[in-house]
Every structure is written in structure tokens, then in C-alpha cells.
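Asker: dropping the sequence and predicted coords here.
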Amino acid sequence: MKTNYFKIIAIFLAMGLFVVSSCKKPDPDSQSAEDDARGSFIMADAFALGNDNAGGGGGGKLDGCMAKEIIDAHTFKLNFTDGCEYRGHSRKGALIVAWEMGGEFGERAFNITVTFDEYYVDGIGVSGEIQTTFKGPYANPKIAVKSTNMVATFANGETIKWSSDKNFTIANFLEQTPNVVTMSGTASGTNRSGEDYTATYSDVKVDRICELGYPVSGTVTIESDKGTTVIDYGSGNCDNEITVTNGGVTVEVKL
């Protein structure tokens with residue numbers, strides 16, 4: 001979709017990075033939670049960069065240390081100079097983005113595919129493919145985000161490997177009131193410790209009217225060799241209280 005970068009990136013981060021905070025106690029498998037969140041951020045960041053630059057335009061567009069190179073009518077490359085500080089993160093390499101118009105909405109919405117060319121963000125090498133599909137209607141859009149064979153490689157040689165299939169629904173998108181975003185889907189992969197995990201998101205909702213910024217309802221279930229961990233964001237209240245259940249024990253956690 002052609003929309004504000006910070007709005008989209010905040011949506012993805014809310015669905016991922018709060019899992020890290022919620023798993024610090026009782027901490028049954030914080031590594032899988034942290035790595036799943038890192039994958040969510042990498043996808044969010046790449047999606048936002050690709051989405052914001054889709055829709056034609058000439059080559060050679062410069063934005064600080066980032067340059068947009070047109071490959072053909074529906075493909076472009078975002079090139080970052082080595083050490084580029086762009087939108088709050090250090091980058092180098094390139095994103096390759098193929099795009100098409102999303103249905104009947106013309107240049108207001110795009111379906112995109114993002115791949116990576118020697119790309120690094122915050123010193124982490126990234127490879128794989130991300131596909132997003134706009135499902136409309138434009139006033140209350142649904143966005144399907146699918147990642148395949150994603151790998152994040154750290155400077156010490158550790159890797160996160162994952163694939164995911166998630167669906168986002170945005171309410172109040174064209175209204176002046178804050179958006180309500182609901183996400184469901186799955187991610188599965190191998191964390192930095194070499195352990196397999198699966199994360200299932202069930203109707204995790206972020207209500208942007210809640211100034212705390214945390215999800216207000218829904219659950220995230222993480223399955224791994226360390227058992228099953230269920231993170232419950234509650235039933236709709238705007239607060240920083242959640243519950244974490246593992247091994248039959250439930251504790252309350254304040255984010």
C-alpha cells in the first residue's frame with residue numbers, strides 16, 4: 001500500500017518486539033521469542049522501504065545515502081552506500097523490489113516482492129524473499145505478508161532461519177481516528193541456538209488510540225523443545241499487563 005512508513009513499521013514492530021518483553025518472565029524460551037521478533041522487524045523494515053518507493057518514478061532518486069535505480073517498468077533497486085544511516089538503522093547493499101498495482105485501486109495500493117543483494121541492516125546480513133498482497137477494500141485493507149527462506153546472519157556467524165505467513169487487517173484506515181490493526185498467522189524456523197520453533201499469532205490487536213502502544217488483545221503461542229509458551233495480551237483494555245503461561249504455570253507480567 002502507498003501509505004506512511006512510520007505507520008506500517010509501528011504495526012509490525014508492535015506484533016513482534018513486544019514478544020521479547022513478555023517472555024523475560026518466566027523465560028522458558030526467550031531465544032525463540034527474541035529471534036522471532038527480530039525476523040518480524042527485518043520483514044517490516046524491508047516491506048516499508050519497498051512499499052514507500054513503489055509506483056514508478058525515475059531512476060537516480062537520491063535520499064541521503066540511498067539511491068533508487070530503475071531496472072524496468074515494475075522493478076527497482078534501492079542501493080545503500082556502505083555504512084548508510086537511513087531511517088534510524090545502519091545499512092549497506094541493496095533491496096530489489098518488484099511491484100504491481102493492487103487490484104482496482106491504482107497507485108494507492110501495491111503488491112510487492114522484495115529480495116536482497118548483499119544487504120545488511122545493523123550489521124546483520126539478510127537473504128530470502130518477502131511477498132505482500134493487498135486484499136482491499138482500501139478503506140479497511142487486508143495485507144497478506146509471506147516470507148520464504150529468510151536468513152539473518154550475525155557477525156559471529158549465528159543465524160536465524162524462518163518462513164512466515166501472516167495477515168494484517170487495518171480498520172479506520174482513511175478516517176482521522178487512530179487505526180486498529182489485527183494480525184493472525186504463523187512463523188516457523190530455527191533460532192540462533194540451532195533450536196526449531198513455531199510462533200502462532202491469534203487475533204493480536206493493536207489499537208492506536210491506546211497511547212501505551214502495546215497490543216490490547218490476542219495471543220502468541222511459541223512451540224519449541226522447551227515446551228509451549230502462551231503470551232496473552234488480554235481482552236481489550238489499554239494497559240501494559242499480560243499473562244505468560246508455560247508448563248501449566250501462569251504469571252502476570254507488566255511490559
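Answerer: Thanks, I have it. Predicted, not measured: the structure shown is a model, and the values here were computed from it.
Asker: what ranges does the stretch 1-150 of the chain have for its helices?
Answerer: If DSSP state H, counting those that start in this stretch is used as the criterion, the helices of the stretch 1-150 of the chain fall at 5-22, 30-53.
Asker: what's across from the nearest residue to residue 119 once chain neighbours are set aside in the sheet?
Answerer: The shortest distance from residue 119 to any non-neighbouring residue, by C-beta to C-beta, 6 or more residues apart in numbering, is to residue 93 (3.6 Å). In short, each C-beta sits where N, CA and C put it, glycine included. Beta-bridge partners recorded for residue 93 (DSSP bridges): residue 80.
Asker: low pLDDT regions in the stretch 51-200 of the chain?
Answerer: Applying pLDDT under 70 to the stretch 51-200 of the chain picks out residues 56-62, 103-108.
Asker: what about the residue nearest to residue 119, distance to residue 143?
Answerer: 25 Å (C-beta to C-beta, to the nearest Å).
Asker: likewise for residue 66?
Answerer: Distance, residue 66 to residue 143, by C-beta to C-beta: 24 Å.
Asker: equivalent analysis for residue 47, please.
Answerer: Using C-beta to C-beta, we find residue 47 at a distance of 9 Å from residue 143.
Asker: and for the two, which residues touch both?
Answerer: residue 132 (C-beta atoms under 8 Å, 6 or more residues apart in numbering).
Asker: ok, now which ones touch residue 141?
Answerer: Residue 141 is in contact with 1, 109, 134-135, 169-170, 173, counting by C-beta under 8 Å, 6+ apart.
Asker: model confidence over the helix or strand hosting residue 253, on average?
Answerer: Here residue 253 sits within strand 249-254, counting by DSSP states H and E. In this model, strand 249-254 carries a mean pLDDT of 83.
Asker: partner strands of it and their direction?
Answerer: Taking DSSP bridges as the criterion, strand 249-254 forms sheet pairs with strand 241-246 (antiparallel).
Asker: list the buried residues in the partner strand.
Answerer: The neighbour-count criterion (16 or more other C-beta atoms under 10 Å) identifies 242, 244-246 as the buried residues of strand 241-246.
Asker: can I get those in JSON lines with distance to residue 194 and pLDDT?
Answerer: Formatted as JSON lines, these follow (distance: C-beta to C-beta, whole Å; pLDDT from 0 to 100):
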{"residue": "242", "distance to residue 194": "28", "pLDDT": "85"}
{"residue": "244", "distance to residue 194": "24", "pLDDT": "85"}
{"residue": "245", "distance to residue 194": "25", "pLDDT": "87"}
{"residue": "246", "distance to residue 194": "21", "pLDDT": "83"}
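Asker: ok, those vs residue 195, which is closest?
Answerer: residue 246 (15.3 Å; C-beta to C-beta).
Asker: measure the closest one to residue 231 for me?
Answerer: 10 Å.
Asker: show me where the stretch 151-255 of the chain has its strands.
Answerer: For the stretch 151-255 of the chain, applying DSSP state E, counting those that start in this stretch gives strands covering 159-171, 180-190, 196-207, 217-224, 227-235, 241-246, 249-254.
Asker: output the longest one as CSV, nothing but the C-alphas.
Answerer: Read it as strand 159-171. This file holds the C-alpha atoms of strand 159-171, laid out as CSV (Å, rounded to 0.1, in the frame of the first residue of the first chain):
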residue,chain,number,x,y,z
THR,A,159,21.9,-17.4,12.0
ILE,A,160,18.1,-17.1,12.3
LYS,A,161,16.2,-19.1,9.6
TRP,A,162,12.5,-18.7,9.1
SER,A,163,9.5,-18.6,6.9
SER,A,164,6.1,-17.0,7.8
ASP,A,165,2.6,-16.4,6.6
LYS,A,166,0.7,-13.5,8.3
ASN,A,167,-2.4,-11.5,7.6
PHE,A,168,-3.0,-7.9,8.7
THR,A,169,-6.3,-6.1,8.8
ILE,A,170,-6.4,-2.3,9.3
ALA,A,171,-9.6,-0.7,10.4
